[in-house]
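J.: Predicted coordinates and the sequence they were generated for:
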Amino acid sequence: MEFQEVVQRRHMVRTFTSEPVPQQAVDRILGNAVRGPSAGFSQGQSFLVLTGDDLPKFWAVAGEAVDPSAQTAPLVIVPMSCKRVYLDRYALPDKGWTDRDEARWPVPFWHIDTAMAALLILLTVTDEKLGAVYFGIVPPAVPQFRAAFGVPDDQEPIGAIAVGYDAEPKARDLRSRRRRLDEMVRYGHW
């Protein structure tokens, strides 16, 4: 599939078949996710991949923010960011921020880089002719999520992505709700 077609076809899918996602597709999805931008090449992302018997446990603790129909997905990928990795990387001699002061960061790049990895997951899913929905894990559920899957405290889930074969009867037509480019883009001055 051409890149422009992938971008135009990508949309959130909320209903899936029970057919498993082939391991080759999972490997490609994750292989592309780790190719995203990374401030200072810190590579502070991690991904928890859940299938099979792990899924009911995941939905029980983290399914509040997604439509129940999405819980039919045979695969969930939880992208996580790790601030510590970025602070450690930027404390090295070539960066020189030995004080590890978070105030130096204009925005939390650990979350931004992980979000870019999540977008690469969504684009690769589309290229694999699969569907996906990105959703949040509500803050009160994060401790239970950590406990259920042994996630260390320094790994921050930025959301979750349910992946599978699209079982929606018809893609939603959002063209009438999509903001025009000239409403969102400014050239040279606001």
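T.: Okay, I see it. Quick caveat, the model's predicted, so the values are computed rather than measured. Numbering: from 1, shown residues only.

J.: distance of Phe135 from Pro68?
T.: Distance from Phe135 to Pro68, counting by C-beta to C-beta, to the nearest Å: 12 Å. C-beta here means a position set from N, CA and C on the backbone, and glycine is covered the same way.

J.: Which one of these two is surrounded by more residues?
T.: Taking other C-beta atoms under 10 Å, Phe135 and Pro68 do not tie; Phe135 has more neighbours (19 against 10).

J.: need the contact list for the more buried one.
T.: Applying C-beta atoms under 8 Å, 6 or more residues apart in numbering to Phe135 gives the contacts Ala65, Val66, Ala70, Gly159, Ala160, Ile161, Ala162.

J.: That one pairs with what?
T.: In this entry, Phe135 is beta-bridged to Ala160, by DSSP bridges.

J.: For this structure, which segments count as strands?
T.: In order along the chain, the chain carries the following strands (DSSP state E): 45-50, 75-81, 131-135, 156-157, 160-164.

J.: which one is the residue nearest the centre of the chain nearest to, not counting chain neighbours?
T.: Taking C-alpha atoms, centre = their mean, the centroid of the chain lies closest to Ala118, which sits 2.9 Å from it. Distances taken as C-beta to C-beta, 6 or more residues apart in numbering place Pro79 nearest to Ala118, at 4.8 Å, with adjacent residues excluded.

J.: tally of neighbours for that neighbour?
T.: A total of 26 residues lie near Pro79 under the criterion other C-beta under 10 Å.

J.: right, and it touches Ile158 too?
T.: Yes - using C-beta atoms under 8 Å, Pro79 makes contact with Ile158 at a distance of 5.5 Å.

J.: which residues do these two both contact?
T.: Thr114, Ala115, Ala118.

J.: Might you specify the subset of the residues you listed located within helices?
T.: Mapping the shared contacts of Pro79 and Ile158 onto helices (DSSP state H) picks out Thr114, Ala115, Ala118.

J.: Spatially nearest residue to the second one (excluding sequence neighbours)?
T.: Closest residue to Ala115 in three dimensions, ignoring its sequence neighbours and counting by C-beta to C-beta, 6+ apart: Ile158, at 6.1 Å.
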